[in-house]
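Trainee: Okay, predicted coordinates and the sequence, questions at the end:
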Amino acid sequence: MAKKRIRIDMEDADGARYDIKLEGNVTRDKVLKIFEMMDLMNIEEEQEPTNMDSIGTKIWHIVDKFFPMGKFTSTNILEKYEDEFNEPVKLSIISTYLARFSSKGRVDRVRTGREWTYQTIKQLQKQR
């Protein structure tokens, strides 16, 4: 098995720069700890303001905001969508968009029992 390497370069709002390197046995838990540390330091990705004019964009906003690393179902998205945007949406519409996101490689889709479970696919590094 090839040695894994992840390098994260960041800059906070005050201009301080951070260079984090993970090498060797890089696990999901270790990467999550790095994100927790970034959260404690209030370091976030620069996000461009998004135009929330389509349902698909709104659904992706919910996925990205509330479920960036964990697993979720279409029902979870429905609840968060209605809370966030204060407008109704059909569960079938959310399921359709999540299936599209899966076919485009943005989320991983696994059948669990009677429903689908999703998880976002984040590219943190270039494999070397």
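Mentor: That came through fine.
Trainee: Can you give me the domain boundaries for this structure?
Mentor: Domain assignment for the chain by automatic domain parsing gives 4-40, 55-120.
Trainee: what's the span of the longest one, first residue to last?
Mentor: In this case it means domain 55-120. 18 Å (C-alpha to C-alpha, to the nearest Å).
Trainee: just stretch 83-95 next, same as before
Mentor: Terminal residues of stretch 83-95 are spaced 18 Å apart (C-alpha to C-alpha).
Trainee: quick check: mean pLDDT across that stretch?
Mentor: In this model, stretch 83-95 has a mean pLDDT of 93.
Trainee: Please work out which residues outside that stretch touch it.
Mentor: Outside stretch 83-95, the residues within contact range by C-beta atoms under 8 Å, 6 or more residues apart in numbering are 52, 55, 58-59, 61-62, 65, 74-75, 77-78, 81-82, 116. Glycine gets a C-beta too; all of them are placed from N, C-alpha and C.
Trainee: quick one on the thing from earlier: now tell me which of the domains of the chain the model trusts least on average.
Mentor: Among the domains of the chain, domain 4-40 carries the lowest mean pLDDT, a mean of 79.
Trainee: Sort out which residues of that one are buried, please.
Mentor: For domain 4-40, the neighbour count (16 or more other C-beta atoms under 10 Å) marks 6, 8, 22, 26, 31, 38 as buried.
Trainee: any idea which element the first one lies in?
Mentor: Take DSSP states H and E as the rule and residue 6 turns out to sit in strand 4-11.
Trainee: Quick check: neighbours of that strand in the sheet, parallel or antiparallel?
Mentor: Paired with strand 4-11 in the same sheet, following DSSP bridges, are strand 17-24 (antiparallel).
Trainee: Pull the residues that contact the strand it pairs with.
Mentor: Contact with strand 17-24 is made by 3-12, 30-31, 34, 43, as judged by C-beta under 8 Å, 6+ apart.
Trainee: Which member of these is positioned nearest residue 99?
Mentor: Nearest to residue 99 out of the contacts of strand 17-24 is residue 31 (C-beta to C-beta; 26.9 Å).
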